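Peer 1: sequence? don't have it. structure:
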């Protein structure tokens with residue numbers, strides 16, 4: 001095996017967490033990044049489509065935007081890799097009842113997109129409670145972290161108009177989760193997330209950004225940094241066997257990789273499923289996490305946007321019937337999000353109720369998003385105690401709120417603790433979105449920059 005000063009680390013999964021861990025660990029250790037698909041990146045997935053003339057457009061279908069205050073590690077990582085980014089827009093609209101109730105946030109004309117809407121009592125009830133929630137919720141974060149969002153809304157007597165026409169569509173859009181499932185989300189976590197992202201402010205919201213040329217740019221930069229010899233695609237892990245001196249990672253096709261340590265940078269349920277003889281702690285802390293499967297379709301059919309063009313926004317929650325409430329249906333207007341030029345409107349729709357016409361479909365992909373409950377919140381408080389046990393480490397967006405910053409925070413923290421190599425930037429608290437408990441060995445040994 002490799003000498004103690006340099007370890008061979010197998011990293012399973014090349015989403016944001018796995019890429020972050022591999023990038024940092026590779027500065028001091030030998031890494032092998034294992035990915036079941038034929039590409040790296042996970043939710044960082046860019047489609048190349050033909051534009052006008054001979055031009056090609058790069059359109060993201062998973063990870064699209066971030067902001068610098070709420071994504072400090074991602075921001076500094078992009079700077080370290082010299083990834084070019086540009087301003088984006090994070091407007092939001094709601095279209096319900098087959099377009100009979102529509103509005104958009106932001107400028108007044110968006111709120112007034114539907115003639116006659118301001119005359120409806122339902123609209124004003126929603127608007128008044130929206131302002132009350134934005135003003136009061138940050139100061140009313142429940143002390144009981146297991147209180148659900150549904151219980152919080154009932155206790156504070158929010159109207160059904162506000163709940164159905166704004167808050168649940170808003171939450172469903174952010175977490176790619178059916179709106180009724182959002183009622184089970186821990187209220188304290190929901191409010192903190194929204195407040196920390198500047199989403200409970202009418203003005204002075206943070207500037208959102210997108211990667212110029214698509215998120216594949218940063219994935220390619222990581223690939224280049226760690227080297228092609230350290231990457232194995234088409235490696236579908238079926239079993240991780242832990243021994244006293246080594247780890248064996250077995251693939252579906254019979255291949256295996258031997259390493260000193262393994263980092264499982266996958267979804268929690270996938271990590272648990274591939275562990276040979278998981279410990280009671282691993283079973284207890286990984287099993288509460290479940291995932292919502294969402295189909296993302298990149299297409300050019302504008303009927304999946306709100307009926308009234310004045311309501312078109314970057315994020316559009318479109319609910320055409322009561323059946324839609326069982327699954328999140330959301331359309332991203334990519335021209336606005338990624339500053340795409342040209343005459344064609346490009347849209348990414350999650351879970352379209354009926355498929356767009358085949359001639360309008362450009363790409364279709366499936367993504368999985370974590371579902372958060374009181375049980376997962378309890379598990380998150382103890383997840384870090386699994387680190388390093390049986391030569392096994394865990395990271396992923398499920399350590400936080402399910403977003404890119406949560407994933408990279410967990411990946412970098414694992415790399416630092418496992419490899420004793422520091423991030424090449426300084427933050428007063430680099431792990432604000434996850435629960436990290438430093439081990440005595442890390443505190444004593446220190447990090448190498």
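Peer 2: That came in fine, so what should we check first? The structure displayed is predicted, hence computed values, not measured ones. Residues are numbered from 1 along each chain as shown.

Peer 1: chain center to the helix or strand hosting residue 217: distance?
Peer 2: Element membership for residue 217 (DSSP states H and E) is helix 216-226. The chain centre lies 19 Å from the centre of helix 216-226; the measure is Cα atoms, centre = their mean, to the nearest Å.

Peer 1: per-residue confidence averaged over it?
Peer 2: Predicted confidence along helix 216-226 averages 99 (mean pLDDT).

Peer 1: Direction included, what does the next helix-or-strand element following that helix pair up with?
Peer 2: Remark: after helix 216-226, the chain's next helix or strand is strand 231-233, criterion DSSP H and E. Here strand 231-233 has these sheet partners by DSSP bridges: strand 30-35 (parallel).

Peer 1: and the next element down the chain from the partner strand?
Peer 2: Scanning forward in sequence from strand 30-35 by DSSP H and E, the next helix or strand is strand 46-50.

Peer 1: Direction included, what does that next one pair against?
Peer 2: Using DSSP bridges, the strands paired with strand 46-50 are strand 56-60 (antiparallel).

Peer 1: The spatially closest residue to residue 138 that is not a sequence neighbour in helix, strand or coil?
Peer 2: What sits nearest to residue 138 in space, not counting adjacent residues and going by Cβ to Cβ, 6 or more residues apart in numbering, is residue 195, at 4.6 Å. In this view, the C-beta of every residue, glycine as well, is placed from N, C-alpha and C. Secondary structure assignment for residue 195 (DSSP: H, G, I helix; E, B strand; the rest coil): helix.

Peer 1: what's the residue nearest to the spatial centre of the chain in contact with, if anything?
Peer 2: The C-alpha lying nearest the average C-alpha coordinate of the chain belongs to residue 403 (Cα atoms, centre = their mean; 2.7 Å). By Cβ atoms under 8 Å, 6 or more residues apart in numbering, residue 403 lies in contact with residue 397.

Peer 1: Would you quantify the distance from it to residue 304?
Peer 2: 24 Å (Cβ to Cβ, to the nearest Å).

Peer 1: Tell me which residues of the helix holding residue 217 come out buried.
Peer 2: Across helix 216-226, burial judged by 16 or more other Cβ atoms under 10 Å covers 216-223, 225-226.

Peer 1: now the angle between strand 56-60 and that helix, please.
Peer 2: Interaxial angle, helix 216-226 versus strand 56-60 (axes from the mean of the first three to the mean of the last three Cα atoms, to 10 degrees): 80 degrees.

Peer 1: What is helix 216-226 packed up against?
Peer 2: If contacts are counted by 3 or more Cβ pairs under 8 Å, 6 or more residues apart in numbering; DSSP states H and E, helix 216-226 sits against helix 16-25.

Peer 1: quick one: average pLDDT of the helix it packs on?
Peer 2: Over the span of helix 16-25, the pLDDT mean works out to 99.

Peer 1: Check which helices and strands it sits against.
Peer 2: strand 8-12, strand 30-35, helix 72-80, helix 216-226, strand 261-264, helix 404-419.

Peer 1: Dump those to CSV, plus distance to residue 94.
Peer 2: Output for the helices and strands packed on helix 16-25, formatted as CSV (distance: least, Cβ to Cβ, whole Å):
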stretch, distance to residue 94
strand 8-12, 39
strand 30-35, 37
helix 72-80, 28
helix 216-226, 31
strand 261-264, 38
helix 404-419, 25
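
Peer 1: still on that earlier bit, which residues are contacting the helix holding residue 217?
Peer 2: So helix 216-226 is contacted by 14, 19, 22-23, 26, 31, 33, 40-41, 44-46, 58, 77-78, 81-84, 211, 231 (Cβ under 8 Å, 6+ apart).

Peer 1: Filter those residues down to the buried ones.
Peer 2: Buried by 16+ other Cβ under 10 Å: 14, 19, 22-23, 26, 31, 33, 40-41, 44-46, 58, 77-78, 83, 211, 231, out of these.

Peer 1: Was I right to think residue 260 contacts residue 5?
Peer 2: No: contact status for residue 260 versus residue 5: not in contact, 11.5 Å apart, counting by Cβ atoms under 8 Å.

Peer 1: between the two, who's got more neighbours?
Peer 2: Each of residue 260 and residue 5 has its neighbours counted (other Cβ atoms under 10 Å); residue 260 has more, 20 against 7.

Peer 1: Could I get the contacting residues of the nearest residue to the more buried one once chain neighbours are set aside?
Peer 2: Closest residue to residue 260 apart from its sequence neighbours, by Cβ to Cβ, 6+ apart: residue 7 at 4.3 Å. Residue 7 sits next to 29-30, 259-261, 418-419 when contact means Cβ under 8 Å, 6+ apart.

Peer 1: so how far is stretch 402-410 off the chain centroid?
Peer 2: In terms of Cα atoms, centre = their mean, the centre of stretch 402-410 is found 7 Å from the chain centre.

Peer 1: Sorry, wrong one. I was asking about stretch 369-388.
Peer 2: Chain-centre distance of stretch 369-388: 16 Å, with Cα atoms, centre = their mean.

Peer 1: avg pLDDT for that stretch?
Peer 2: 95.

Peer 1: Give me the buried positions along it.
Peer 2: Buried residues in stretch 369-388 (16+ other Cβ under 10 Å): 369-374, 376-377, 379-380, 383-384, 386-388.

Peer 1: What is the end-to-end distance of that stretch?
Peer 2: Distance between the boundary residues of stretch 369-388 (Cα to Cα, to the nearest Å) amounts to 26 Å.

Peer 1: Give me the mean pLDDT for stretch 413-424.
Peer 2: Averaging pLDDT along stretch 413-424 yields 98.

Peer 1: Buried residues, it. List them.
Peer 2: Buried-residue list, stretch 413-424, by 16+ other Cβ under 10 Å: 413-423.

Peer 1: how about these in TSV, adding distance to residue 90?
Peer 2: Output for the buried residues of stretch 413-424, formatted as TSV (distance: Cβ to Cβ, whole Å):
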residue	distance to residue 90
413	27
414	30
415	30
416	31
417	34
418	35
419	35
420	38
421	34
422	32
423	27
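
Peer 1: shaky segments in the stretch 151-300 of the chain?
Peer 2: Along the stretch 151-300 of the chain, the model assigns pLDDT under 70 to no residue.

Peer 1: Strands of that one, start to end?
Peer 2: 208-211, 231-233, 237-242, 247-251, 256-259, 261-264, 290-299 (DSSP state E, counting those that start in this stretch).

Peer 1: For residue 183, which of those strands is the nearest?
Peer 2: Closest approach to residue 183 among the strands of the stretch 151-300 of the chain (Cβ to Cβ): strand 290-299, 14.4 Å.

Peer 1: Only the buried residues of that closest one, if you could.
Peer 2: 291-292, 294, 296-299.

Peer 1: which one among these gets closest to residue 134?
Peer 2: Proximity of the buried residues of strand 290-299 to residue 134 (Cβ to Cβ) peaks at residue 292, which lies at 26.6 Å.

Peer 1: who touches residue 285 in this structure?
Peer 2: For residue 285, the contact set (Cβ under 8 Å, 6+ apart) comprises 379, 382-383, 385-386.

Peer 1: whoops, I mixed them up, residue 137
Peer 2: 191, 194-195, 200.
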